[in-house]
Each structure stands twice: as structure tokens, then as C-alpha cells.
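1. my questions concern the predicted model and sequence given below.
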2 protein chains.
Amino acid sequence: MEKTTKSSQRIGIVGLGLIGGSLGLDLQSLGVEVYGLVHRSTTAEIAESRKLANLVSTNPTILADCDLIILALPLQQLLKPSAELIHALPKNAVITDVGSVKGPVLKIWRELHPRFIGSHPMAGTNNAGVNAGQKNLFKQRPWVSTPDQNSDPKALKSIQTLAKNLGCNWITTDAQLHDQAVALISHLPVLISAALLQTVVNVENSSLVNLAKTIASSGFEDTTRVGSGNPYLGTAMFENNASAILQSLDFYHHSIDQLEKNIRSQEWDEILKILKTNQLLRPEFLSK
Amino acid sequence: MEKTTKSSQRIGIVGLGLIGGSLGLDLQSLGVEVYGLVHRSTTAEIAESRKLANLVSTNPTILADCDLIILALPLQQLLKPSAELIHALPKNAVITDVGSVKGPVLKIWRELHPRFIGSHPMAGTNNAGVNAGQKNLFKQRPWVSTPDQNSDPKALKSIQTLAKNLGCNWITTDAQLHDQAVALISHLPVLISAALLQTVVNVENSSLVNLAKTIASSGFEDTTRVGSGNPYLGTAMFENNASAILQSLDFYHHSIDQLEKNIRSQEWDEILKILKTNQLLRPEFLSK
């Protein structure tokens, strides 16, 4: 693969899926030299042809001269890094990740590298894999970091600069609070969306299921989307943020039980009041 | 308003909101003469300027010479029609509605008009009101009818022709089965989506809620959409399809309890299996 003129910074990206590939495209546009590490040679070929990085390799030694390395691996791989990968990370490089759960990531990576900063951009599409990366995925999206008192301030500053250069809104917060918030606004929706689709497929009346399939419209489509995504990613979320998810689920049971009680008691004014609140409040959660 | 040449058929539309207005636009494109009845003169002015019908009026006598009349009213108004409207419907005209619940509609309208056929197109957007109507809303969408042994066969045929001319896929089914299917794929999603948004707003830790608002992304946006729509429509759905919704909710509790049990018992393989099933099954429910 053709090598561009060396710029002032060289960034390594481990994994060139949706997030890693998108980072590679945007960082190259910013004039940064990007080295991409992937697991399989077939993936490397596609990544090269899509120009996701200036240099793509399956050999971890590619990371040797990188100033900053982004671990853009699926959560389950991020939490069980290979000895080869750990060995290949330069001690003086700044390391960050893109995992959506921070507690378990920090627990492992704090011990593995002195300049590790837990962080991740809040951005995505329905696509995954080496063909999913796209330009400008991160513009106006939050990039969350979860430093603690032991975090290297210069390393943190490097990640902040990276995020700002990509057009992200930089957020610094506590790892535990972060994982609770992600449970509420990301993992709980996956759980209830998955349960909704299961509800319909578990109905035993086949005429009813067939009619439901025929008339299902955009409401069903939107509400079941996140519960039907990558099953490995979903399982990894549940496994690695279980206690925060179960706590969110307790709150959720309270909300749905309230609505059920209102329906059973024919308290339509109460339901109208709740739905009016929702209509006003949802915009506060929408993409800024 | 300018009156076009009289065509072979004149269709009356009562209400020119999203569905009524969209019907008006498409029917005029098909060369049908459309007469629109609205409640307020300010609405009539907008409907006229948007050319939602050939003639728009606030006077029900406009319906006197219509061959077919579509009651495109919100469910709550459809179920409590004014004496003036009932009086204005010609006895020999074919009447249909666009209400998403068929049992309660039939219960009332079967008594009110001899040529009433319960039906509705499954189509929509997030918009409502006289500015919401748009062209080609119904193409490739299902149009469901729920005739019974007392329905006038010629009246049914007229609605079928109307639906096909609009590009809809015609479906005939039992009213009760229809309402159960709609509870599953439309009303239950509204309920669980509304409960999800309530969950987040009910959390007492304000740092957590603020962080959740900042980092909420497309997953939360999609999953809370239908639970934050028109509160009056939502309440009317719950009120008029309560027993089918409560039955769906029982099925849903079973699904979510299963997932909760799997998380508490750390049965990650079981969760992976469920999420794999979901990934395969959702496409069967998507827009055809």
C-alpha cells in the first residue's frame, strides 16, 4: 500500500469496523498518518481497498511508532486482549478505546497500560464490519471520557484534542455514572426492544402472527430496531453492564406498571398526562 | 375555490389531517373529484391553499352528492360523531373510516349507516394536522378492511377499488383479530416506548439524568419515538383497544421476565440465542 508523507502525528487503530474504519477515514482527512491493525488478511485487503488507513497490517508490530492508539475492538475482544497486542503497545503511547461500557474496561486496562484513558464516541449506524466505516460519523456527537485521579493528564489532553478535531463534543464524567447512564439510554432500550420482538414471535395463534407481520408499520420497525442488532454486541453489553441494566429495569418496571394500572382502572386522564409529558420531554434527549 | 370538471366519481373526505389530506392529494391526481369537510374555517383556508381537495367547506351539506365518503377523523371523534355529520351522510353513499381500531368503530357505525365498511390504510409519518398531508403516502402499504356477514358487498368492492387505485395492498380480515394484531404491533410498542421515556425522566439522580440527556443517541431516539407522539391519539388507542393491549402486555411481561432471568442467572448463551433469533425475524415484519 502506498505510504503518504509522514505527518506530525501517527495514530494506530486496532480494528477497522464501523468505528475504527470511520475514525481512519476522518483522521486521514485531517492529515494524520493512520496505521490500521486488523486480525485477518481478507479484512486487511478490504480495508486497504477502502483506504481506511494509510497502512493496514495484520502484524501488531505496526503499532511500534504510533503516538496514540485507539482500540476500536468489539467489547468482548477489548476485555480479553491478546498477549501479542498488549506486548505491541508502546509504553509511551497514549491508549484509548471505544467501548460503550467503561467500568469493566478500566478495571482491565488501567493495569495493562500506564497511559490508558477510557473513552468512546457516541455514534453509530446499523452497519458493522470492515465495509461499515464512513466519513463524518462523529460530527456533533458526544465523545465521553472517564478519567480518574490516576489518569495521565497529558494523555487525557491528547484524546480531547483528537475528539475535538473530529468535531465531537467532549464530555468528562465518572465511569460508574457513565455506565448507569448508558444502561438507561442505550442498554435498556436494547432489552425492551428485544423483548417486544420476542413477544410477537412467541404468540401461538399463527393467523394473528401472520396478520401482524403483514400490517406491521414504521412504529414496530423503529421500536424493534435496537433489539435486533448485532447479537454478540448485545450479549456483551448485557454481560458487562448487568448490574446497571438490572437497576434500570427496576425503574422501567415501575413505569410500565403505572401505565398498566392506569389502563386497567380506565384512568385515561392520567395516561393523557403521561403522554403529554413524554411529548414535551423527548426533544431534550435528541441529537444536539 | 375553483371547481374542476365533474368526474365519474365524487369522494367526500371528512377531516383533512395527515391521512385525509394525503388521500385528497392522491385522489385528485387520479382524476377523482374530492370534497373536503373540515371543522374550522382557519383549517379550511389552509386546506384550500394546499389544494387538499377540489372543494373545501365547513358545511356538512357538501357531502350530499358524494358517492363514497371517507371519515378521516381522529379516533375519538370518529367514535362520537356529531348528529349534524350523521344527518349529512347520504343513505346510498359508501362510507368507510381510517381508524386504527376496528371493533369499537364497527359497534357504532354498523348502526349508523347501512353501507359502512370498517377499513384503514396502514401508513403514517410523525406529522399531524392540515399541514401534514403528502402525496404517495399509501403506495405499497396495506389497506385493511374488516367486513362481516352484514356488510354490503358492493360497498366493500368500492373501498377495495379505492385502495388499489391508491397503490395499497388490500387485506380483508376479522375485526377482532385485526384489533389484536394492531395491539401487538402498534399499541404495545407505544406503551413500552412511553414507559421507557418515563423511566428516564423518573430517575431522581439529576447528574445521571443530565448525562443521559447529553449522551442519548439514535437507539434511544428510535425506541422512544412512538411513545412520544400525539398524546390524544395515544390515549384514544389505549381507551379503545384496552383488552387486546392488556393481553399483549401479558405476553410482553413473559418475554422481558425471561430476559431478566437470563441476565440475573448470567445465562449469556441463552441471551445470545434470543438476540440471534431477533436478528433473523425482524425483517419478516418490515415494510414490504
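-> Noted; the coordinates are in hand.

2. A:Ile117 is in contact with A:Ile159, isn't it?
-> Yes - counting by CB atoms under 8 Å, A:Ile117 touches A:Ile159, with 5.1 Å between them. C-beta: built from backbone N, CA, C; applies to glycine.

3. which of those two has more neighbours?
-> Neighbours were counted for A:Ile117 and for A:Ile159 using other CB atoms under 10 Å in any protein chain shown; A:Ile117 has more, 25 against 22.

4. beta-bridge partners for the more buried one, please?
-> A:Thr96 (DSSP bridges).

5. which residues does it contact?
-> Going by CB atoms under 8 Å, 6 or more residues apart in numbering or on different chains, A:Ile117 touches A:94-96, A:145, A:147, A:151-152, A:155-156, A:159.

6. swap in A:Arg225?
-> A:126, A:193, B:219, B:222-223, B:282.

7. same question for A:Ala195.
-> A:227, B:192, B:252, B:255-256, B:258-259.

8. returning to that earlier point: in helices, which of the contacts of A:Ile117 appear?
-> Those of those mapping onto helices are A:155-156, A:159, per DSSP state H.

9. and the residues you listed as CSV, adding distance to chain B?
-> Converted to CSV, those look like this (distance: CB to the nearest CB, whole Å):
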residue, distance to chain B
A:Ala155, 22
A:Leu156, 18
A:Ile159, 16
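
10. between the residues you listed, which is closest to B:Gln28?
-> Proximity of the ones in helices among the contacts of A:Ile117 to B:Gln28 (CB to CB) peaks at A:Ile159, which lies at 57.9 Å.

11. just to revisit the earlier point, most neighbours, which of the contacts of A:Ala195?
-> B:Ile192 (27 neighbours).

12. wait, that residue touches A:Phe220, no?
-> No - using CB under 8 Å, B:Ile192 is not in contact with A:Phe220, being 11.2 Å away.

13. stretch A:166-181 - what's its average pLDDT?
-> Across stretch A:166-181, pLDDT averages out at 97.

14. nope, stretch A:16-29 is what I was after
-> Here the average pLDDT along stretch A:16-29 is 97.

15. now stretch A:78-89
-> Average pLDDT, stretch A:78-89: 96.

16. now it, how far from the centre of its chain.
-> In terms of CA atoms, centre = their mean, to the nearest Å, the centre of stretch A:78-89 is set 20 Å apart from its chain centre.

17. then stretch A:96-105?
-> Stretch A:96-105 has its C-alpha centroid displaced from the chain centroid by 9 Å (CA atoms, centre = their mean).

18. send me it as PDB with only the CA atoms.
-> Backbone C-alpha positions of stretch A:96-105 (Å, rounded to 0.1, in the frame of the first residue of the first chain) are rendered in PDB as follows:
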ATOM      1  CA  THR A  96      -7.800   4.800  24.400                       C
ATOM      2  CA  ASP A  97     -10.800   2.600  23.500                       C
ATOM      3  CA  VAL A  98     -14.300   3.000  22.000                       C
ATOM      4  CA  GLY A  99     -16.100   0.600  24.300                       C
ATOM      5  CA  SER A 100     -19.600   1.600  25.400                       C
ATOM      6  CA  VAL A 101     -19.100   0.300  29.000                       C
ATOM      7  CA  LYS A 102     -16.300   1.900  31.000                       C
ATOM      8  CA  GLY A 103     -16.100   0.200  34.400                       C
ATOM      9  CA  PRO A 104     -15.000  -3.300  33.100                       C
ATOM     10  CA  VAL A 105     -12.700  -1.700  30.500                       C
END
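
19. now tell me what touches it from outside.
-> Applying CB under 8 Å, 6+ apart, the external contacts of stretch A:96-105 come out as A:19-20, A:68-73, A:75, A:78-79, A:109, A:116-121, A:145-146, A:159, A:175-176, A:178-179, A:182, A:186, A:237, A:240-241.

20. what pLDDT is listed against the residue of the stretch 101-250 of chain A found nearest chain B?
-> Of all residues in the stretch 101-250 of chain A, A:Pro231 sits closest to chain B, at 3.4 Å by CB to the nearest CB. We have a pLDDT of 94 for A:Pro231.

21. what's near enough to touch it?
-> A:Pro231 touches B:272, B:275-276, B:278-279, counting by CB under 8 Å, 6+ apart.

22. my read is that A:Thr172 contacts A:Asp148, right?
-> No - judged on CB under 8 Å, A:Thr172 makes no contact with A:Asp148 at a distance of 10.7 Å.

23. neighbour count: these two, which is higher?
-> Counting neighbours by other CB under 10 Å for A:Thr172 and for A:Asp148 shows that A:Thr172 has the greater number, 14 against 11.

24. look up how far B:Ile19 lies from that one.
-> The gap separating A:Thr172 from B:Ile19 is 48 Å, by CB to CB, to the nearest Å.

25. determine which two of the contacts of A:Ala195 are furthest apart.
-> B:Ile192 and B:Gln258 (15.2 Å).

26. where does pLDDT dip in chain A?
-> A:1-8, A:287-288 (pLDDT under 70).

27. need the single longest helix in it, by residues.
-> For chain A, the helix with the greatest residue count under DSSP H is helix A:242-264.

28. who are the packing partners of that helix?
-> helix A:175-182, helix A:188-202, helix A:268-281, helix B:188-202, helix B:242-264 (3 or more CB pairs under 8 Å, 6 or more residues apart in numbering or on different chains; DSSP states H and E).

29. save the ones you listed as a markdown table, and put in distance to A:Thr214 too.
-> Output for the helices and strands packed on helix A:242-264, formatted as a markdown table (distance: least, CB to CB, whole Å):
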| stretch | distance to A:Thr214 |
| --- | --- |
| helix A:175-182 | 36 |
| helix A:188-202 | 12 |
| helix A:268-281 | 27 |
| helix B:188-202 | 16 |
| helix B:242-264 | 17 |
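
30. returning to that earlier point: which residues are contacting the longest helix of chain A?
-> By CB under 8 Å, 6+ apart, helix A:242-264 touches A:179-180, A:182-184, A:187-188, A:191-192, A:237-238, A:267-268, A:270-271, A:274, B:191-192, B:194-196, B:198-199, B:202-203, B:238, B:242, B:245-246, B:249, B:256, B:260, B:263-264, B:266.

31. ok, back up a step: for A:Ile11, which of the helices and strands packed on helix A:242-264 is the nearest?
-> Closest to A:Ile11 of these, according to CB to CB: helix A:175-182, at 23.7 Å.
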